[in-house]
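S.K.: build the 3D model from these lines:
(one chain, ligands or ions: 2)
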Amino acid sequence: MKVASVLIPLPVPEAFDYEVPEALALARGDQVAVPLGPRLMRGVVAEVRETTGSNRRLKAVDHRLDDPPLPERTVDFVEWAARWTLSAPGEMASAALKGLRAPRPRPERRVRRVGERTPVKTTAARSAVLEALGQRAMAGADLARAAGVSSGVIKGLVDEGVLEVVEIEAVAAFDAPDPDHAPATLNADQAAAAEAIAEATGKGGFAPFLLDGVTGSGKTEAYLEAAARALKADPAAQVLILLPEIALTQALIERIAARFGAAPAEWHSGVAPPRRRQVWEAVQSGRCNIVVGARSALFLPYANLRLLVVDEEHDGSFKQEEGLVYHGRDLAVARARIEGATVVLASATPSLETLWNAHHGRYGWLKLEARHGAAVLPEISLLDLRQSPPDPQTWLSQPLREAIGETLMRGEQTLLFLNRRGYAPVVLCRACGHRLTAPDTDSWLVEHRYTGRLVCHLTGFTMPRPKHCPSCGAEDSLVSVGPGVERVEEEVRQLFPQARTAVFSSDTVPDGRSARALIQRMAEGEIDILVATQAAAKGHNFPHLTLVGVVDADLGLRGGDLRAAERTFQLLTQATGRAGRADKPGRAILQTWTPEHPVLMALAAGDRDAFVEAEMAEREAAVLPPYGRLAAIILSGENAAAVEKVARELAGSIPNAERLEVYGPADAPLALVRGRRRKRLLVRADRDVDLQGFLRAWLARVKVPASVRLNVDVDPYSFL
Ligand SMILES: Nc1ncnc2c1ncn2[C@@H]1O[C@H](COP(=O)(O)OP(=O)(O)OP(=O)(O)O)[C@@H](O)[C@H]1O
Ligand SMILES: [Zn+2]
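M.R.: Ligands and ions are numbered 1, 2, ... in the order given. Below you'll find the predicted structure:
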């Protein structure tokens, strides 16, 4: 008898076994319908094996689904990713099936000629229709437009039997990219990098690279050239380019379309489900060569993935924290290993993890040392706010104001960077000192003036700004403390009423389309001063931008978690790196109360190596990543006592292990979220310890009741 183990999208640790009916030939990757309780569920066959019989009676696979199978290596990847992140393999598999949630697009109705038939009566309008149509099949409305006639003319021809209506299955065509369409002339560094990547791809087998180039050095051109060579060598090759933000995809898609004469497929949460289905099927059948997407594009069923690029690889947005918890960059490297492909991690400010791998020779290290062409890196200066503090209730100090004025006079653009959405991060009562927080979450409410509401950025809870203090009842006693981007824009408008200003944050630019529109306005010089959060600070090319002002350079350094310094260094390098990318030189001014901070000094000196060396030394001393590894366990539930109990049981059943410590349980910094109590434990281990094995053994010892949720976060980025 044959038994299939089937991955079902449920939070269970194992695949389910089903008997395979005689008549059904199944293979790993096949999609099947299997009975589970009273229902039929979609599942993916992980394994088919021969048994001599079983002590349990197994239910049988109901039938094979029409949907195409997952390629074997996609199943390998799904299983590996589940083991690495300690997630349910079925839930990982469901990430690979995401494209199939929408029904196939309905067949389209088209009209076409019936043989050589001609109309009995010829009119100018009828001739125009036949001329415009030729031998093609066209949608009636398109044909009417092309021929410049009313739809009645077409209907008349159909009634007469000259044209017929046919239903055509909507198979999306993805035009084949042409590697020779519009190649760039690369500089020597770019050419060497592209050559190294292309050579590895040509040879085949797993080959990881760090593409390390200062902002504006032309990393994109270099990896696009490598992609072109891969496609030239193998027209069936597939290339995946991952970006950290949806806001960046449109610009890259346009660059790829210009370079290859064909647009790539796009994959992220903003893509409509019917379109996703088309992309999924085209990727599976190899009809699509280039995919540009967010981290979830890693789970597509590639037929022949040869090259993966993770652009801005250091970016924390690659870490997914809700639902399946995984790091897109780490999984991209794993996927490349499983596919025997090349992976390129590109950044001007690589993560310490990636630099560690490059230093130790695990990754090839490709460097682009200078900006492309005549462009030079911006001059970065620290503005000591102790010496020139801004006026009360304002945030831009005099020297920065002057710099903005000069930039305006020259007809150039300014970017003011402040990584804080809304108007004011804190609202408090002048009478009693109460800070407004969300009712069911430990987080302060942020004031948004454009919408007139207070918002919890963690859960999305909102309420109107109250008239009375919720704590003491005083009237009109609430004051807004500190600046967000909206408040900085207000100040800019007062200072430079003639300037054209705009705010770029996830509130003003909620989706890809509006992001693209604002980016375009900025690139075309229709905005003088852009006040932006990190959403606009990375990746973009604004040719007229010559001044970047960082409103609060100390902001990210205050948090003090593991990566606070690293993240701030990266973010500010990216933000200041927007200045002077074309022919006009740029400068950046960082407002700070602590100009002696090593991170800020390294930024001002343009000395990345000094920063990396100092930061690495600290991590090494504490044996923290990349010298050690971390994993977090987060418990949450509405019943505080139940959460407490599981936490105690976990603490009491830690397996023996060397070179590994467990910290906690402790209340999470956000101890209450959406009414749920939260506790955390943190595991630190040396690099060579089998951390996942330890976690599996540990978690198997404790029974978690349904009222408590236990989340495992391997290599955590957030410590909240
Ligand atoms: N070989 C080249 N020929 C012509 N223009 C180039 C070339 N390389 C880069 N450029 C131009 O230089 C600018 C910066 O290039 P690109 O966006 O590829 O840099 P990057 O290294 O990816 O930057 P960042 O890390 O800041 O996002 C772009 O306007 C790009 O068109
Ligand atoms: Zn009060």
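S.K.: measure the closest residue to ligand 2 within the stretch 501-650 of the chain to Arg701 for me?
M.R.: Using Cβ to the ion, Arg558 is the residue of the stretch 501-650 of the chain that sits closest to ligand 2, at 25.8 Å. Just so you know, the C-beta spots here come from the backbone N, C-alpha and C atoms, and that holds for glycine as well. As judged by Cβ to Cβ, to the nearest Å, Arg558 and Arg701 stand 39 Å apart.
S.K.: what does the stretch 551-700 of the chain have sitting close to ligand 1?
M.R.: Proximity of the stretch 551-700 of the chain to ligand 1 (Cβ under 6 Å from any ligand atom) is limited to residues Gly577, Arg581.
S.K.: list the residues that contact the residue of the stretch 501-650 of the chain closest to ligand 2.
M.R.: Ala564 (Cβ atoms under 8 Å, 6 or more residues apart in numbering).
S.K.: likewise for Arg275?
M.R.: Arg275 is in contact with Ala172, counting by Cβ under 8 Å, 6+ apart.
S.K.: what does it show for phi and psi?
M.R.: phi -70, psi -40 (degrees, to the nearest 10).
S.K.: same question, the one 10 residues further on
M.R.: Note on Ser285: backbone dihedrals following degrees, to the nearest 10 are phi -90, psi 0.
S.K.: for burial, what's the neighbour tally of it?
M.R.: Other residues within reach of Ser285 by the criterion other Cβ atoms under 10 Å amount to 12.
S.K.: touching, it and Pro68? I think so.
M.R.: Yes - under the criterion of Cβ atoms under 8 Å, Ser285 makes contact with Pro68 at 6.8 Å.
S.K.: give me the element Tyr663 is part of.
M.R.: Secondary structure assigned from DSSP states H and E places Tyr663 in strand 660-673.
S.K.: packing partners of that strand?
M.R.: Applying 3 or more Cβ pairs under 8 Å, 6 or more residues apart in numbering; DSSP states H and E, one finds that strand 660-673 makes contact with strand 628-637, helix 640-652, strand 676-686.
S.K.: leaving out sequence neighbours, find the closest residue to the closest residue to ligand 2 within the stretch 601-720 of the chain.
M.R.: Using Cβ to the ion, the single residue of the stretch 601-720 of the chain nearest to ligand 2 is Leu672, 21.1 Å away. Nearest non-adjacent residue to Leu672, counting by Cβ to Cβ, 6 or more residues apart in numbering: Asp442, 4.7 Å away.
S.K.: one step back: state the distance from the residue of the stretch 501-650 of the chain closest to ligand 2 to ligand 1.
M.R.: Summarising the geometry, the distance separating Arg558 from ligand 1, computed by Cβ to the nearest ligand atom, to the nearest Å, is 26 Å.
S.K.: re earlier: OK, contacts around the residue of the stretch 601-720 of the chain closest to ligand 2?
M.R.: Neighbours of Leu672 in contact, by Cβ under 8 Å, 6+ apart: Asp440, Thr441, Asp442, Arg678.
S.K.: quick revisit: tell me the buried residues in the strand holding Tyr663?
M.R.: Residues of strand 660-673 classed as buried: Leu660, Val662, Gly664, Pro665, Ala668, Leu670, Ala671, Leu672, Val673 (neighbour count, 16 or more other Cβ atoms under 10 Å).
S.K.: ok, it: who's next to it in the sheet?
M.R.: Strand 660-673 has the following sheet partners, assigned by DSSP bridges: strand 676-686 (antiparallel).
S.K.: so for the partner strand, mean pLDDT?
M.R.: Strand 676-686 shows a mean pLDDT of 94.
S.K.: again with stretch 484-492
M.R.: Averaged over stretch 484-492, pLDDT sits at 96.
S.K.: who's in contact with it?
M.R.: Stretch 484-492 is contacted by residues 394-396, 404, 416, 418, 420-425, 446-450, 480, 483, 499, 501-505, 529, 531-533, 551 when judged by Cβ under 8 Å, 6+ apart.
S.K.: mind listing what's buried along it?
M.R.: Along stretch 484-492, the positions that meet the burial threshold by neighbour count (16+ other Cβ under 10 Å) are Gly484, Val485, Glu486, Arg487, Val488, Glu489, Glu490, Glu491, Val492.
S.K.: same question for stretch 118-128.
M.R.: Across stretch 118-128, burial judged by 16+ other Cβ under 10 Å covers Pro119, Ala125, Arg126, Ala128.
S.K.: how far does it sit from the chain's center?
M.R.: What separates the centre of stretch 118-128 from the centre of its chain is 54 Å, taken as Cα atoms, centre = their mean, to the nearest Å.
S.K.: what sits up against it?
M.R.: Leu130, Ala147, Gly148, Val149, Ser150, Val153, Gly156, Leu157, Glu160, Val162.
S.K.: closest to ligand 1 among the buried residues of stretch 484-492?
M.R.: Distances from ligand 1 to the buried residues of stretch 484-492, taken as Cβ to the nearest ligand atom, are shortest for Val485 (21.3 Å).
S.K.: Ala671 versus the residue nearest to Leu672, what's the distance?
M.R.: 6 Å.
S.K.: mind putting the buried residues of stretch 484-492 in TSV, distance to ligand 1 and secondary structure included?
M.R.: Putting the buried residues of stretch 484-492 into TSV (distance: Cβ to the nearest ligand atom, whole Å; DSSP: H, G, I helix; E, B strand; the rest coil) gives the following:
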residue	distance to ligand 1	secondary structure
Gly484	25	coil
Val485	21	helix
Glu486	27	helix
Arg487	28	helix
Val488	23	helix
Glu489	24	helix
Glu490	29	helix
Glu491	28	helix
Val492	25	helix
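S.K.: which bits of this protein sit near ligand 1?
M.R.: Residues of the chain that fall close to ligand 1, judged by Cβ under 6 Å from any ligand atom: 184-187, 190, 213, 215-221, 348, 372, 539, 541, 577, 581.
S.K.: buried ones among the residues you listed?
M.R.: Buried, going by 16+ other Cβ under 10 Å: 184, 186-187, 190, 213, 215-221, 348, 372, 539, 577, 581, out of those.
S.K.: which members of these occur in strands, if any?
M.R.: Among those, DSSP state E puts Gly213 in strands.
S.K.: mind listing what's buried along stretch 95-110?
M.R.: Ala95, Ala96, Leu97, Lys98, Gly99, Leu100, Arg110.
S.K.: the spatially closest residue to the fifth one that is not a sequence neighbour and Pro625, how far apart?
M.R.: Nearest-residue entry for Gly99: Trp280, 2.6 Å, with adjacent residues in sequence omitted and distances by Cβ to Cβ, 6+ apart. According to Cβ to Cβ, Trp280 stands 34 Å off from Pro625.
S.K.: more crowded one of these two?
M.R.: Trp280 (25 against 20).
S.K.: fine by me, thanks again.
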